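Chemist: Next input, structure requested:
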Amino acid sequence: MTQPRQNTTAVYLSVIIVSWNVKPLLRRAIKSTLNSWGTEPGLEIIVVDNASNDGSQQMVQEEFPQVRLIASAENLGFTKGNNQGIAEANGEFVLLLNPDTEVLGDALHQMVEYLETHPGTGMLGPQLRNPDNTVQSSKRRYPTLPVLFLESTWLQKITPKKLLSRYYAEDLPDDKINAVDWIKGAAMLTRRQVIEQIGGMDEGFFMYSEELDWCHRIKDAGWQVIYMPQAQIKHYEGKSSEQVIPARHIYFQSSKIRYTRKYFGKITAGVLRVWLMGQYIWQIAIEGLKWLVGHRRDLRAERIKAYRLVLHSGLRYHRQ
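Modeler: Model (predicted):
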């Protein structure tokens with residue numbers, strides 16, 4: 001179900017929010033977006049609802065009649081949902097915004113103004129803030145093969161700090177504008193010109209790594225990707241994905257494998273798949289031992305069940 005298109009000939013900024021079962025957060029995200037933009041014309045908000053069952057669609061229709069709602073009959077995922085919104089967007093600039101965000105101050109105007117005055121910038125990310133207002137890591141370099149094999153596994157805690165520090169771009173100050181390889185997908189501002197040149201997100205990524213791939217393609221096309229800390233957005237991280245824990249593991253790791261296949265080749269991606277499957281087998285063994293000795297058995301049983309579902313998926317997408 002899509003609400004009728006309004007006259008949007010004067011749209012300057014299109015904000016696309018893909019949402020799934022986070023009604024209170026979605027409400028805050030929309031309110032903060034409207035407050036940040038103010039009374040100036042030119043703003044379009046498109047909410048793509050991925051078959052929520054928590055009343056999100058009704059809330060948008062009743063409380064925000066100026067917002068365009070695209071209501072999907074199924075959960076299409078983050079990437080397809082954003083592409084749906086992009087296809088309907090009319091703005092010169094397009095902001096992909098997570099529903100678990102809160103736009104602070106005049107961040108929207110700051111971000112748009114930067115793109116207006118820096119024609120070589122194809123993607124812009126604000127500074128993300130944690131709920132306690134500390135800086136959330138959001139700027140990145142491309143992952144190397146060691147990072148792909150070690151990050152977000154149980155071996156990350158013993159991975160050389162220098163390796164991950166470079167990946168997380170920790171040498172770049174949090175309070176300075178910097179050119180980076182990619183930015184986290186919670187808030188990504190790009191140009192219609194860029195989308196027309198390289199296309200939308202790769203829908204082979206259901207969720208996770210899609211922003212990494214998109215930024216990679218944008219940079220490959222000759223544009224800059226910029227981290228801009230003057231604009232700030234609070235991010236209440238992972239509130240949709242944490243609802244389905246096994247699926248989160250499957251989507252994250254299978255997306256990592258897909259990215260590896262695109263940029264490092266099929267053989268390397270195959271080795272990574274086997275390696276990651278081995279990590280989950282090891283985790284099941286560890287959790288099983290803890291269960292045998294009686295340590296928090298309910299927790300151990302829950303984790304074993306989740307890891308078995310991951311193994312059963314073969315680390316290929318399995319929609320919940």
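Chemist: What residues sit buried inside the strand of greatest length in the chain?
Modeler: With secondary structure taken from DSSP state E, the chain has its longest strand at strand 224-235. Using 16 or more other Cβ atoms under 10 Å as the test for burial, strand 224-235 gives 225, 226, 227, 228, 229, 230, 231, 232, 233, 234, 235. All C-beta atoms are positioned from the backbone trio N, CA, C, and that covers glycine.
Chemist: That strand - what's its average pLDDT?
Modeler: Averaged across strand 224-235, the pLDDT comes to 98.
Chemist: cool, and stretch 46-65?
Modeler: 95.
Chemist: now stretch 23-42
Modeler: 96.
Chemist: Would you state the strands of the stretch 51-200 of the chain in chain order?
Modeler: Under the criterion DSSP state E, counting those that start in this stretch, strands of the stretch 51-200 of the chain are mapped to 68-72, 93-97, 101-103, 121-129, 135-136, 139-140, 178-180, 182-183, 187-191.
Chemist: okay if I get those strands as TSV plus mean pLDDT and distance to residue 115?
Modeler: Formatted as TSV, these follow (pLDDT from 0 to 100; distance: least, Cβ to Cβ, whole Å):
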stretch	mean pLDDT	distance to residue 115
strand 68-72	94	22
strand 93-97	98	6
strand 101-103	98	16
strand 121-129	98	6
strand 135-136	96	22
strand 139-140	97	17
strand 178-180	98	14
strand 182-183	98	14
strand 187-191	98	6
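Chemist: Dump those strands into TSV; add mean neighbour count and distance to residue 157 as well.
Modeler: Formatted as TSV, the strands of the stretch 51-200 of the chain follow (neighbours: other Cβ atoms under 10 Å; distance: least, Cβ to Cβ, whole Å):
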stretch	mean neighbour count	distance to residue 157
strand 68-72	21	38
strand 93-97	25	32
strand 101-103	24	29
strand 121-129	24	23
strand 135-136	16	20
strand 139-140	23	20
strand 178-180	16	25
strand 182-183	26	24
strand 187-191	25	29
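Chemist: and those strands as TSV, adding distance to residue 211?
Modeler: Listed next are the strands of the stretch 51-200 of the chain as TSV, based on distance: least, Cβ to Cβ, whole Å:
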stretch	distance to residue 211
strand 68-72	20
strand 93-97	8
strand 101-103	14
strand 121-129	9
strand 135-136	14
strand 139-140	9
strand 178-180	12
strand 182-183	6
strand 187-191	6
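Chemist: what's the closest of these to residue 290?
Modeler: strand 135-136 (31.3 Å; Cβ to Cβ).
Chemist: for that closest one, packing partners?
Modeler: strand 121-129 (3 or more Cβ pairs under 8 Å, 6 or more residues apart in numbering; DSSP states H and E).
Chemist: who's in contact with the strand it packs on?
Modeler: 104, 107, 110-111, 114-115, 135-139, 174, 180, 183-184, 186-191, 194, 214-215, 218-219, 221, 223-235 (Cβ atoms under 8 Å, 6 or more residues apart in numbering).
Chemist: farthest pair in the buried residues of strand 224-235?
Modeler: 225 and 234 (21.6 Å).
Chemist: Where does the prediction get shaky in the stretch 101-250 of the chain?
Modeler: For the stretch 101-250 of the chain, applying pLDDT under 70 flags the ranges 238-244.
Chemist: Nearest to residue 281, out of the strands of the stretch 51-200 of the chain?
Modeler: That would be, of these and by Cβ to Cβ, strand 139-140, which comes in at 29.0 Å.
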